[in-house]
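>>> With the input below, show me the fold.
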Amino acid sequence: MSMLKYSRMDFLCTCVGLLVLLVDIGLDIWAAVDFYQEGLWGPLAVLLLLLVGSSVLVQFYSWFWYRYEKFEMETRVEKWLRPRLKVLHLLQMGIFVRYAGVLESSIGSFFSRHSDPNDKAVYLKHDLSLLLIIETFSESCPQIVLMLSIILQKGQLDLVTVMKALGSVSAVAFSVTMYRHCLNSFLPENNKHSLRSWVVFFLFHLTLLLSRLVALSLFTSVMPFFIFSHFFGSWLLLFFCAWRSDTAIMDGHEGERLYRATAGLVWYFNWFNLVNGKTRKPMWLYHGYILVDICLLCGVWYWKMSTDPPGFVVPRAYAAATTAAVVVLYVFGLLLKVLYYKCYHPILRRRGSTERLLPNDEVDASDPDVVMGISEPGTQEHCNRRIEKLAENFYN
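As a prediction, the model looks like this:
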């Protein structure tokens, strides 16, 4: 496996990610103030619940990871802030501490004449990418549903909700791309993903996630109180599946329970390889379940539009076309996903001490000398074992 190195492109992505985070916070404040001025107390309460809940969840993960590593800080800024670390996490500033660590180590490596083969910036960036994924599915995705449902109920576009929806979509797209880039860094250098592979990967995630979010938004616009029951029931089922999968990503029992609960939250919106072992059958069972759920959500919305429309009315023909388009979009996303796994998804095999990537149609599963693996344990001093396990799950 190639040494993990922090490139200038990684530095640019980190800076863009920090900018997206700051812009998203500004849009959150703007949206909250606008809801308050308009007297939209329900959306305001939901928005504040999402913001506070997501932030607390991210701080828990950040604190757990520092604690698992026995608070052995990698950078000077983290060492300087170590006595104040608990207070900073209570003040919801943990993710900014990690951004500061990544920026310090990356800038230091650029000005150093000797490149560090065990780049600390890569290690820190991997944890940061996981935190962004958690924030994406606990805050940005629910906010997209909230904003789209408000637009549907009003029957018109206003600047605040449109800007907040676009900001949340940008945060989702960036975090998913950054997460994929982190997984990609564990592949051998001469077998990195091609640009075409990145495009197909991004498109199938975009179409599947967009279809899911639009279906949830349509349902929420006509039955806003029932969406909470729908989420809780679906999350319980998905949490049970994650628990039965016997995950082993975190280093502590309380952290692992939190991780399995978070896996159920992520799966409510989109599939990610978050568990150990082969996941092909569970993945397609999951997509079958979500497809049926999308059909039901859109069906309820069409039924309400046809029989008992709320304050806003959509013509029956438009409602039928919208319902069909959402379902077709999800099916199209599944076809793109099949294309990706058939043509572009690598499988890392190791014969003895030699690692190589094979296309799916060239893998001989009956060969006893071919074993799954990403890297030998301990080959990287600063190798992030959490993201390494997730990479092994993804390429399994």
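>>> how about low-confidence regions in this protein?
Within the chain, the set of residues satisfying pLDDT under 70 comprises 1-7, 109-119, 187-193, 276-277, 309-313, 347-383, 396.
>>> which helix is the longest one in it?
Within the chain, and with DSSP state H defining each element, the longest helix by residue count is helix 8-38.
>>> If you count neighbours, what's buried in that one?
10-11, 13-14, 17-18, 20-21, 24, 27-28, 31-32, 34-35 (16 or more other CB atoms under 10 Å). (Each C-beta comes from the backbone N, C-alpha and C, glycine too.)
>>> Just give the closest residue to L206, not the sequence neighbours.
A173 (7.3 Å; CB to CB, 6 or more residues apart in numbering).
>>> can you map out the helices along the stretch 1-150 of the chain?
Using DSSP state H, counting those that start in this stretch, the helices assigned to the stretch 1-150 of the chain run over residues 8-38, 41-68, 76-81, 85-90, 94-111, 120-135, 141-154.
>>> Which secondary structure elements does the third one sit against?
In terms of contact count using 3 or more CB pairs under 8 Å, 6 or more residues apart in numbering; DSSP states H and E, helix 76-81 is assigned the packing partners helix 94-111.
>>> Just the closest of the buried residues of helix 8-38 to D158, please.
For the buried residues of helix 8-38, the minimum distance to D158 (CB to CB) is 8.3 Å, reached by D34.
>>> show me the contacts for the residue nearest to that closest one when sequence neighbours are not counted.
Counting by CB to CB, 6+ apart, the nearest residue to D34 once its immediate chain neighbours are dropped is V160, at 4.4 Å. The contact partners of V160, by CB atoms under 8 Å, 6 or more residues apart in numbering, come to 30-31, 34.
>>> related to what we said a few turns ago, and the helices of the stretch 1-150 of the chain as TSV, adding distance to D246?
As requested, the helices of the stretch 1-150 of the chain are arranged in TSV below (distance: least, CB to CB, whole Å):
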stretch	distance to D246
helix 8-38	32
helix 41-68	19
helix 76-81	33
helix 85-90	29
helix 94-111	28
helix 120-135	20
helix 141-154	26
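>>> out of those, deepest packed?
With neighbours taken as mean count of other CB atoms under 10 Å, the helices of the stretch 1-150 of the chain reach their highest mean count in helix 120-135, at a mean of 24.
>>> Taking the centroid of the protein, which residue is nearest it?
Central residue of the chain (CA atoms, centre = their mean): I133, 3.3 Å from the mean position.
>>> That one and R180 touch, don't they?
No. Checked against CB atoms under 8 Å, the pair I133 and R180 is beyond contact range at 10.2 Å.
>>> Where does V176 fall, secondary structure wise?
With secondary structure defined by DSSP states H and E, V176 is part of helix 159-184.
>>> now that helix and helix 8-38, what's the angle there?
Regarding helix 159-184 and helix 8-38, their directions subtend 150 degrees when assessed with axes from the mean of the first three to the mean of the last three CA atoms, to 10 degrees.
>>> Just after helix 159-184, pick out the following helix or strand.
Proceeding C-terminally, helix 159-184 gives way to helix 195-222 as the next helix or strand, assigned by DSSP H and E.
>>> related to what we said a few turns ago, could I get the contacts of V160 in a markdown table, plus columns for distance to A320?
Formatted as a markdown table, the contacts of V160 follow (distance: CB to CB, whole Å):
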| residue | distance to A320 |
| --- | --- |
| W30 | 36 |
| A31 | 32 |
| D34 | 33 |
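>>> With respect to K164, which of these is nearest?
Top of the list for closeness to K164, among these and by CB to CB, is A31 at 4.6 Å.
>>> and the closest residue to the closest one other than its chain neighbours, what is it in contact with?
Nearest in space to A31, with sequence neighbours left out and distances taken as CB to CB, 6+ apart, is K164 at 4.6 Å. Taking CB under 8 Å, 6+ apart as the definition of contact, the neighbours of K164 are 27-28, 30-31, 143, 147.
>>> Any figure for the gap between K164 and I95?
Using CB to CB, to the nearest Å, we find K164 at a distance of 20 Å from I95.
>>> who are the neighbours in contact with D28?
47, 51, 164.
>>> Let me see the ranges of the strands in the stretch 251-396 of the chain.
Along the stretch 251-396 of the chain, counting by DSSP state E, counting those that start in this stretch, strands occupy 347-351, 354-358, 370-372.
>>> re earlier: can you lay out the contacts of D28 as JSON lines showing distance to R385?
Conversion of the contacts of D28 to JSON lines gives the following (distance: CB to CB, whole Å):
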{"residue": "L47", "distance to R385": "36"}
{"residue": "L51", "distance to R385": "31"}
{"residue": "K164", "distance to R385": "36"}
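>>> Pretty sure E256 sits against T247.
Yes. Shown here, E256 and T247 form a contact pair, counting by CB under 8 Å, at 6.4 Å.
>>> quick one, domains of the protein?
Residue ranges for each domain of the chain read 1-186, 201-343, as given by automatic domain parsing.
>>> May I see those domains arranged in TSV, with distance to N393 as well?
Rendered in TSV, the data for these read as follows (distance: least, CB to CB, whole Å):
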stretch	distance to N393
domain 1-186	9
domain 201-343	4
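>>> Tell me which of those domains sits nearest to E388.
E388 lies closest to domain 1-186 among the domains of the chain, at 6.2 Å (CB to CB).
>>> For V169, give its distance to V145.
V169 is 12 Å from V145, where distance means CB to CB.
>>> Name the residues contacting each of those two.
Common contact partners of V169 and V145 (CB under 8 Å, 6+ apart): none.
>>> if we can go back for a sec, quick check: of the contacts of D28, which lies closest to A321?
Sorting the contacts of D28 by distance to A321 puts K164 at the head of the list, at 26.6 Å, by CB to CB.
>>> do you know how far that closest one is from D24?
Look at K164 and D24: by CB to CB, they are 9 Å apart.
>>> What ranges does the stretch 201-350 of the chain have for its helices?
Listed in chain order, the helices found in the stretch 201-350 of the chain under DSSP H, counting those that start in this stretch are 226-244, 253-269, 280-307, 316-343.
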